[in-house]
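Student: Next comes the sequence, and after it the predicted model I'd like to discuss.
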Amino acid sequence: MRKPNDITLKQAIDKMLAHYKLRGKFDETGVVSLWPEIMGAAVANRTKQIYVSQKKLFVRIESSVVKNELLMVKSAIIDKLNERVGSKVIFEIVFL
């Protein structure tokens, strides 16, 4: 039985992330870990490096053909990633 002061695990984690100012880094890590799931195996297998810096997602793709295709749908990728994470984490994608 829950007591009035009890909180859920999700609420506790959210409080901890806010208190220690870790929410941004946590969300950035979420974006990086979601990349293979959102982009699919074909793109994930050609992704050699991925990281976030200053609200920009940097992605090194080994295939120039795949890189050009991704450039054409860059804004849709940004929207999809931010939607899945639940906040505006990425403002730009840079393909290396």
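Tutor: Okay, I see it.
Student: For the rest of this, base every contact and every neighbour count on C-alpha atoms.
Tutor: Noted.
Student: In the chain, where's the longest helix?
Tutor: Across the chain, the longest stretch assigned as helix under DSSP state H is helix 23-39.
Student: Distance check, V85 against K55.
Tutor: 13 Å (CA to CA, to the nearest Å).
Student: Give me the more crowded residue out of the two.
Tutor: Set V85 next to K55 and count neighbours by other CA atoms under 10 Å: V85 wins out with 17 against 14.
Student: pretty sure the more buried one contacts V31?
Tutor: Yes: the criterion here is CA atoms under 8 Å, and V85 meets it with V31 at 6.6 Å.
Student: secondary structure class for V52?
Tutor: strand (DSSP: H, G, I helix; E, B strand; the rest coil).
Student: ok, it - contacts?
Tutor: E28, V32, F58 (CA atoms under 8 Å, 6 or more residues apart in numbering).
Student: go on, L17?
Tutor: Here L17 is in contact with R23, F26 (criterion: CA under 8 Å, 6+ apart).
Student: distance of it from Y51?
Tutor: 20 Å.
Student: Average pLDDT for the longest helix of the chain, rounded please.
Tutor: Average pLDDT, helix 23-39: 88.
Student: which outside residues touch that helix?
Tutor: 14, 17, 43-44, 50-52, 80-82, 85, 87, 89-90.
Student: Is K15 within a helix or a strand, and which one?
Tutor: Per DSSP states H and E, K15 falls inside helix 9-19.
Student: Let's see that helix as PDB, backbone CA atoms only.
Tutor: C-alpha atoms of helix 9-19 as PDB (Å, rounded to 0.1, in the frame of the first residue of the first chain):
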ATOM      1  CA  LEU A   9      10.800   5.100  -9.500                       C
ATOM      2  CA  LYS A  10      10.400   7.300 -12.600                       C
ATOM      3  CA  GLN A  11       9.700  10.400 -10.400                       C
ATOM      4  CA  ALA A  12      12.700   9.600  -8.200                       C
ATOM      5  CA  ILE A  13      15.000   9.300 -11.200                       C
ATOM      6  CA  ASP A  14      13.700  12.500 -12.700                       C
ATOM      7  CA  LYS A  15      14.300  14.300  -9.300                       C
ATOM      8  CA  MET A  16      17.800  12.900  -9.100                       C
ATOM      9  CA  LEU A  17      18.600  14.000 -12.700                       C
ATOM     10  CA  ALA A  18      17.300  17.500 -12.100                       C
ATOM     11  CA  HIS A  19      19.000  17.800  -8.700                       C
END
